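K.L.:
Okay, here's the prediction I keep looking at, along with the sequence it came from:
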Amino acid sequence: MLEIKDLTVRYGKQEPTVESFQLSMKKGEIVSIVGESGSGKTTVIRAVLGALPGSGYISAGEIYFQGEALTQKSGEEWRNLRGTRMSMIFQDCGGTLNPIRKIGKQYVEYICTHSRVTRPQAWNKAAEMLKKMRLADAENIMKSYPHQLSGGMRQRVGIAMAMTFQPQLLLADEPTSALDVTTQAQIVRQMMELRDRYETGIIIVTHNLGVAAYMADKLVVMQNGKVVDQGTRDEVMNHPVSDYTKSLLQAVPEMEGERFVS
Ligand SMILES: Nc1ncnc2c1ncn2[C@@H]1O[C@H](COP(=O)(O)OP(=O)(O)OP(=O)(O)O)[C@@H](O)[C@H]1O
């Protein structure tokens, strides 16, 4: 479904921020990228999305998504994939919602820009997606402004929006970090349910090894732009190769996800 080969990303003339990144991902698989701040995790997923900020560019390597070479695509072709076949959620999706417009209006507009449906159809679709994210009283949420919802509710709205078109790939950048532990656990479970329902592959960038270990089929550990450990969850958790991963594992005693979500 997704193959990343020897991906190298630079910002302007700086040394590479990400160097020779490799990843092979199957349909419906969940991959977690963990690593310290500045190690290049966000840069990897932004490169896949074709949305590197500022002077960022792919200086080497290839990204194949469902057999298509993304790096050969024009900006417009790549943009057309975003929001439909692949989508992204951020640490604070609520922050990306327009604060002075009601949720329903924004959601309907989002659906209408990406598909040919009438506004009432879009409204129904939006309400249906909010219900799937277990947001009780979806109609009421649609009529609310973002600030009237809690952080966890806003994040669920963001995830619902990202899942609207049943993307094959969801890129999630610290999707639960701003939330309390209980809400984090609920949202993590819901993302996994969505994966089961739609067979969406998910790449989740997180500092939280508990979240990573609980959710992921595969783990990628990054340090200074390079992958220092990669493999199935059990391989990396039980047989880490790098000292960095070993130190990460030691620092998080409750890393078995079971404990995290209990
Ligand atoms: N817009 C930008 N312009 C120039 N350099 C950038 C830009 N964005 C990121 N970088 C460089 O890339 C490095 C890695 O950033 P990135 O956001 O990918 O790391 P990260 O591992 O996701 O960190 P964090 O966990 O803090 O989000 C930064 O330390 C910085 O040097």
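P.N.:
Now that the structure is in, tell me what you want to look at.

K.L.:
interface residues of the protein facing the ligand?
P.N.:
For the chain, the contact set with the ligand under Cβ under 6 Å from any ligand atom comprises 11, 17, 35, 37-43, 53-56. Yep, even glycine has a C-beta here, placed from its N, CA and C like the rest.

K.L.:
right, and out of those residues, which lies closest to residue 27?
P.N.:
Nearest to residue 27 among the residues of the chain next to the ligand, counting by Cβ to Cβ, is residue 41 at 22.5 Å.

K.L.:
Could you identify the buried members of the residues of the chain next to the ligand?
P.N.:
17, 35, 39, 40, 41, 42, 43, 56 (16 or more other Cβ atoms under 10 Å).

K.L.:
thought residue 213 was touching residue 237?
P.N.:
Yes. Counting by Cβ atoms under 8 Å, residue 213 does reach residue 237; the two are 6.1 Å apart.

K.L.:
So which of the two has more stuff around it?
P.N.:
A direct count of neighbours by other Cβ atoms under 10 Å for residue 213 and residue 237 places residue 213 higher, at 25 against 20.

K.L.:
a strand runs through that one, doesn't it?
P.N.:
No. Read with DSSP: H, G, I helix; E, B strand; the rest coil, residue 213 is helix and lies in no strand.

K.L.:
per-residue confidence for it?
P.N.:
For residue 213, the pLDDT comes out at 84.

K.L.:
got it, and residue 186?
P.N.:
Here the pLDDT value assigned to residue 186 is 81.

K.L.:
Ok, residue 256 next?
P.N.:
Residue 256 carries a pLDDT score of 50 in this model.

K.L.:
Same check on residue 241?
P.N.:
We have a pLDDT of 95 for residue 241.

K.L.:
how many neighbours does the nearest residue to it once chain neighbours are set aside have?
P.N.:
Among residues not flanking residue 241 along the chain, residue 229 sits closest, at 5.4 Å (Cβ to Cβ, 6 or more residues apart in numbering). Applying other Cβ under 10 Å, we find 23 residues neighbouring residue 229.

K.L.:
List the buried residues for the helix or strand where residue 229 lies?
P.N.:
Here residue 229 sits within strand 226-232, counting by DSSP states H and E. Of all the residues in strand 226-232, those buried under the rule 16+ other Cβ under 10 Å are 226, 227, 228, 229, 230, 231.

K.L.:
Ok, stretch 174-189 next?
P.N.:
Under the neighbour-count criterion of 16+ other Cβ under 10 Å, stretch 174-189 has 174, 175, 176, 178, 179, 183, 184, 185, 186, 187, 188 buried.

K.L.:
With residue 45 as the reference, measure out to the fifth one.
P.N.:
Just to be clear, that refers to residue 179. Per Cβ to Cβ, to the nearest Å, residue 179 is found 20 Å from residue 45.

K.L.:
again with the second one
P.N.:
Between residue 175 and residue 45 the computed distance is 11 Å (Cβ to Cβ).

K.L.:
Next: residue 182.
P.N.:
Counting by Cβ to Cβ - residue 182 and residue 45 are separated by 26 Å.

K.L.:
Residue 129: what's it in contact with?
P.N.:
With contact taken as Cβ atoms under 8 Å, 6 or more residues apart in numbering, residue 129 is in contact with 160, 161, 163, 164.

K.L.:
what helix or strand does it sit in?
P.N.:
Under the criterion of DSSP H and E, residue 129 resides in helix 119-132.
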